[in-house]
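> My questions concern the predicted model and sequence given below.
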Amino acid sequence: MRSIFDFIVSFWDTTEYALANWIILGLMAPIAFVFAYRATGETAFIVGYNSTAMSIIHWIVRLFIYIILVYILKGMIWFVAQPLILFKTREPRFISSIIVAVLLFGFAIFVKLKSKITHKIFWS
């Protein structure tokens, strides 16, 4: 069972450092929520405001956003690590992971401030 869990979780790894990975995945949550919430609202008239159908659409959109963000962030971590490797810094992937996490935090705050969502599970 552990190997199945590791296989599934390996798709979500943005970096090989567990703490940085969980921080980045946690920061991706509000971003994916906002985009999925908006997409669900845009498609509500198609499914007739059916809560089950809207929930399914929300989670499908959220999954795709997570997948896209994981690969974008993997690329960003690799890109930021390249100058650090050139200057022979210790743990360049970890440092680039932290830099990307800080940038993602700033983007998550920007998305929150620009969104008009007042949902109870979203940031208050």
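That came through, no problem.
> Show me where this structure has its strands.
Taking DSSP state E, the chain contains no strands at all.
> Okay, now the unreliable bits of it?
1-12, 118-124 (pLDDT under 70).
> Mind jotting down where the helices sit in it?
Applying DSSP state H to the chain gives helices spanning 2-10, 18-47, 51-86, 92-114.
> got the ones you listed as TSV, with mean neighbour count columns?
Backbone N, C-alpha and C define where each C-beta goes, glycine included. Shown next, in TSV, are the helices of the chain (neighbours: other Cβ atoms under 10 Å):
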stretch	mean neighbour count
helix 2-10	8
helix 18-47	17
helix 51-86	15
helix 92-114	16
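> residues touching residue 28, list them.
66, 69, 70, 73, 104, 108 (Cβ atoms under 8 Å, 6 or more residues apart in numbering).
> out of those residues, what pair is the most spread apart?
Across those, no pair lies farther apart than 70 and 108, at 15.1 Å, counting by Cβ to Cβ.
> quick one: residue 49 from residue 21, how far?
37 Å (Cβ to Cβ, to the nearest Å).
> what's the spacing between the residue nearest the centre of the chain and residue 100?
The structure's the chain has its C-alpha centroid closest to residue 28; by Cα atoms, centre = their mean the separation is 2.6 Å. In this view, residue 28 and residue 100 are 11 Å apart by Cβ to Cβ.
> Which residues are in contact with each of those two?
residue 73.
> Apart from its chain neighbours, what residue comes closest to residue 37?
residue 117 (5.8 Å; Cβ to Cβ, 6 or more residues apart in numbering).
> can you count the residues close to the one you found?
15 (other Cβ atoms under 10 Å).
> Surely it and residue 40 touch.
No. Residue 117 lies out of contact with residue 40 (Cβ atoms under 8 Å); the separation is 11.2 Å.
> Check the contact lists of the two and give me the overlap.
Counting by Cβ under 8 Å, 6+ apart, nothing touches both residue 117 and residue 40.
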